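Asker: Sharing a model prediction with you, sequence too.
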Amino acid sequence: MNNLYNGIYGAPLYYYKDAAELSFRYWCRSFFQRLSVLFDFENLPENWDKDAFKAGLYGLGFLCGFYSNTYGLVIQPATVTGFGLQYQPTHAIVNTPYFQFTEPLRIHDQCELIKLTPDYLGIWDLISKYASEVREIEVAYFGGLRASRFAHIAIATDDKSARTLKTVNQKLINGDPFIIIDKAAARFNPSDTDYKLPWVQNDDDLSKNFIVPELDELRRNVIKNFYREIGINATEDKKERLITTEGETLKAESFNRKEVWRQSLDESLKIFNEHYGTEIRAIFTAENAEFQPMEEGEENVD
């Protein structure tokens, strides 16, 4: 992902070498934005930028907070170091354009950490995983679209006729309803008296190349799996109704990762608030979107 504030808040145009790279970067950005609203934070200090705060938590997994004589209570990206009794980190190294400390800061003394993940790592691997899956699907998706639109091979007798046939092919792809070509390009053999287009049928059953609906469904399934992993219950697209056990399974699939992040945030914020006298709270915004269990035998009509 590009730096959030690279380009001095501008919106530069980005050029990519192929559709695969464009798709991957698009979905990384899309999944990050969907994930960035998973938690809302109340009572952040006024001098904290909420977008930068969320970017740090999701991207790095934690942020380091401490008091500054110039800026007051601040948060900064950091690197953990040191070994405690259980080999947990004991210090944080802060080296940014605004702060260059000569020694690491002691955690629970000179600084506190707000953690999203217990292993001090971000969740960019989750974003990249699902973006990579969608990229592979979309490469096949657009390939399937092209394969289903034109399945012929053109035979050219010289460079001039080759250029003509390329132009014809481009116009066909663009949906041009009326195409005019030189009569010489409409003969397989110049001695023929009958005119016919120099095409060879490569595949006479285009329908078997058209797997776009299946790929589109697969893409939706990957996006649903992403939502479930971050703790949002995405229901199945089924014509038949969901029974209770199926609904409970969907609820379980969207539980664990969310709870890990919630517990890590709650525990670290409790320590941070006690140390610095703040009242920061993390609220899971999709709390009311969870699947509600039903009575035994009852069916979910949604």
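Answerer: Done, it's in. Numbers count the residues shown, from 1 in each chain.

Asker: Now do Phe66: how many residues are near it, please.
Answerer: When neighbours are counted by other CB atoms under 10 Å, Phe66 registers 20. Every C-beta, even on glycine, is put in place using the N, C-alpha and C of the backbone.

Asker: part of a helix, is it?
Answerer: No. Going by DSSP: H, G, I helix; E, B strand; the rest coil, the assignment for Phe66 is strand, not a helix.

Asker: doesn't Gln110 make contact with it?
Answerer: Yes. Using CB atoms under 8 Å, Phe66 is in contact with Gln110, at 6.2 Å.

Asker: Buried ones in the longest helix belonging to the chain, by neighbour count?
Answerer: Assignment by DSSP state H gives helix 124-149 as the longest helix of the chain. For helix 124-149, a neighbour-count test (16 or more other CB atoms under 10 Å) marks 124, 126-127, 130-141, 144, 147-148 as buried.

Asker: And the average pLDDT for it is what?
Answerer: Average pLDDT, helix 124-149: 81.

Asker: and that helix, what other elements does it pack with?
Answerer: Helix 124-149 sits against helix 19-36, helix 212-229, with contacts defined as 3 or more CB pairs under 8 Å, 6 or more residues apart in numbering; DSSP states H and E.

Asker: residue contacts, the closest residue to Ser30 other than its chain neighbours?
Answerer: Among residues not flanking Ser30 along the chain, Ala131 sits closest, at 8.0 Å (CB to CB, 6 or more residues apart in numbering). Listed by CB atoms under 8 Å, 6 or more residues apart in numbering, the contact partners of Ala131 are Phe24, Trp27, Cys28, Ser30, Phe31.

Asker: May I see those residues arranged in JSON lines, with distance to Val74, pLDDT and neighbour count as well?
Answerer: Shown next, in JSON lines, are these (distance: CB to CB, whole Å; pLDDT from 0 to 100; neighbours: other CB atoms under 10 Å):
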{"residue": "Phe24", "distance to Val74": "34", "pLDDT": "90", "neighbour count": "19"}
{"residue": "Trp27", "distance to Val74": "33", "pLDDT": "92", "neighbour count": "23"}
{"residue": "Cys28", "distance to Val74": "28", "pLDDT": "91", "neighbour count": "20"}
{"residue": "Ser30", "distance to Val74": "30", "pLDDT": "92", "neighbour count": "16"}
{"residue": "Phe31", "distance to Val74": "29", "pLDDT": "93", "neighbour count": "22"}
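
Asker: I'd like the residues you listed as JSON lines, with distance to Ser161 appended.
Answerer: Formatted as JSON lines, the contacts of Ala131 follow (distance: CB to CB, whole Å):
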{"residue": "Phe24", "distance to Ser161": "40"}
{"residue": "Trp27", "distance to Ser161": "42"}
{"residue": "Cys28", "distance to Ser161": "45"}
{"residue": "Ser30", "distance to Ser161": "45"}
{"residue": "Phe31", "distance to Ser161": "48"}
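
Asker: and the residue nearest to Ile179 when sequence neighbours are not counted, what helix or strand is that in?
Answerer: Nearest non-adjacent residue to Ile179, counting by CB to CB, 6+ apart: Lys171, 5.2 Å away. Using DSSP states H and E, Lys171 sits in helix 159-173.
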